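Student: Here is my input, please return the structure:
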Amino acid sequence: MADAYNGYKRGMVVVAHPDDAEFGFSGTVAKFCQQGIEMFYVLCTDGSKGSSDSKMTPDKLAKIRMKEQRDACDVLGVKDVVFLGYEDAMLVANLDLRRDIAREIRRFKPDVLICQSPLRSFNATNYLGHPDHLAAAEATLSAVFPTARDHLTFPELLKQGFQPHKVREVLVSGGDHSDTWFDVGDSLDTAIAALKKHVSQVGGRDAEVEKRMKEWRADAGQPKNIKYAEGFKSFKLRV
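Tutor: This next block holds a predicted model:
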């Protein structure tokens, strides 16, 4: 087993929807799991809107996507997944969401946390960015600092037994300012297999999924001459 990244023991992923992490940075998640870092997922929404099937209902879809996410986490080696249950497509970075994410940070006490970007990219030409992604990311960064750290913020969390916790590093994915890259060549097959568990989203498109995943990682690796990479903006926080 390779030495764990920065000697970290526990990591957390916070994203808006089931499949966001698998599309975005599952190679890194798989790599961390392979290194022995205990990884935990927090999903902000119920994923209840992501279907073009006119006969699908939100309740049915939410249950399907919850199971798909658990199956994907099993493939990656993720230890546990928490579903906050906010309504898909309606997420806002309000105080309730910030408190709920802070609670999970205090519960799992990650050394490193991976999240989406709170910024729209104006370098993209065919994707505007999902508002849920932006909201989840902003709430997550605000939960890391200062909410999870400060015992006087949301004192009800203390009463529930959730002691303050300081995250050592945040890795923000999906932005235009990457300064940290992970070689995911050895974990990409696992990442692809995990994404394929989201059958409601990618079912019947296995060849396309594999092709796109490799293309995205190849593009990300170009600045560092890495065949397949995932890039992040790293914030190493004072603890």
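Student: contacts, neighbours, all on C-alpha from now
Tutor: Noted.
Student: Tell me how far the residue sitting furthest away from the middle of the chain lies from Ala89.
Tutor: The C-alpha centroid of the chain is most remote from Lys55, which lies 29.1 Å away (CA atoms, centre = their mean). To Ala89, Lys55 is 19 Å away according to CA to CA, to the nearest Å.
Student: Kindly report the same for Trp181.
Tutor: According to CA to CA, Trp181 and Ala89 sit 30 Å apart.
Student: now Glu210
Tutor: 27 Å.
Student: need the strands for the chain, in chain order.
Tutor: 10-15, 38-45, 80-86, 112-115, 169-173, 180-183, 229-236 (DSSP state E).
Student: now these as TSV including mean pLDDT?
Tutor: Shown next, in TSV, are these (pLDDT from 0 to 100):
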stretch	mean pLDDT
strand 10-15	99
strand 38-45	99
strand 80-86	98
strand 112-115	98
strand 169-173	98
strand 180-183	98
strand 229-236	98
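Student: Could you dump those into a markdown table with mean neighbour count and distance to Asp100 added?
Tutor: Listed next are the strands of the chain as a markdown table, based on neighbours: other CA atoms under 10 Å; distance: least, CA to CA, whole Å:
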| stretch | mean neighbour count | distance to Asp100 |
| --- | --- | --- |
| strand 10-15 | 24 | 11 |
| strand 38-45 | 24 | 9 |
| strand 80-86 | 16 | 7 |
| strand 112-115 | 26 | 15 |
| strand 169-173 | 22 | 18 |
| strand 180-183 | 19 | 28 |
| strand 229-236 | 21 | 22 |
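Student: Report all helices and strands that the longest helix along the chain contacts.
Tutor: Ranked by residue count, the top helix of the chain under DSSP state H comes out as helix 58-76. Helices and strands touching helix 58-76, by 3 or more CA pairs under 8 Å, 6 or more residues apart in numbering; DSSP states H and E, are helix 20-34, strand 80-86, helix 188-195, helix 199-202.
Student: The third one - contacts with which helices or strands?
Tutor: Taking 3+ CA pairs under 8 Å, 6+ apart as the contact definition, the neighbouring helices and strands of helix 188-195 are helix 20-34, helix 58-76, helix 206-221.
Student: same thing with the last one?
Tutor: Where contact means 3+ CA pairs under 8 Å, 6+ apart, helix 199-202 is packed against helix 58-76.
Student: Please state the offset of the helix it packs on from the chain centre?
Tutor: Here helix 58-76 is found 14 Å from its chain centre; the criterion is CA atoms, centre = their mean, to the nearest Å.
Student: Now do the buried residues in it.
Tutor: Neighbour counts using 16 or more other CA atoms under 10 Å place 58, 61-62, 64-66, 68-73, 75-76 of helix 58-76 among the buried residues.
Student: Pipe those into TSV and attach distance to Ala102 per row.
Tutor: Output for the buried residues of helix 58-76, formatted as TSV (distance: CA to CA, whole Å):
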residue	distance to Ala102
Pro58	27
Leu61	27
Ala62	23
Ile64	27
Arg65	24
Met66	21
Glu68	25
Gln69	21
Arg70	22
Asp71	25
Ala72	24
Cys73	21
Val75	26
Leu76	24
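Student: Between those, which sits nearest Pro164?
Tutor: Nearest to Pro164, judged by CA to CA, of the buried residues of helix 58-76 is Cys73 at 26.6 Å.
Student: Please name the nearest non-neighbouring residue to that closest one.
Tutor: Spatial nearest neighbour of Cys73, chain neighbours left out: Ala194 (7.1 Å); criterion: CA to CA, 6 or more residues apart in numbering.
Student: Could I get the contacting residues of that neighbour?
Tutor: Glu22, Ser26, Asp71, Ala72, Cys73, Val75, Leu76 (CA atoms under 8 Å, 6 or more residues apart in numbering).
Student: what do you get for Met1?
Tutor: Gln34, Gln35, Gly36.
Student: give the contact list for Lys166.
Tutor: Lys109, Asp111, Val144, Ala148, Arg149, Val239.
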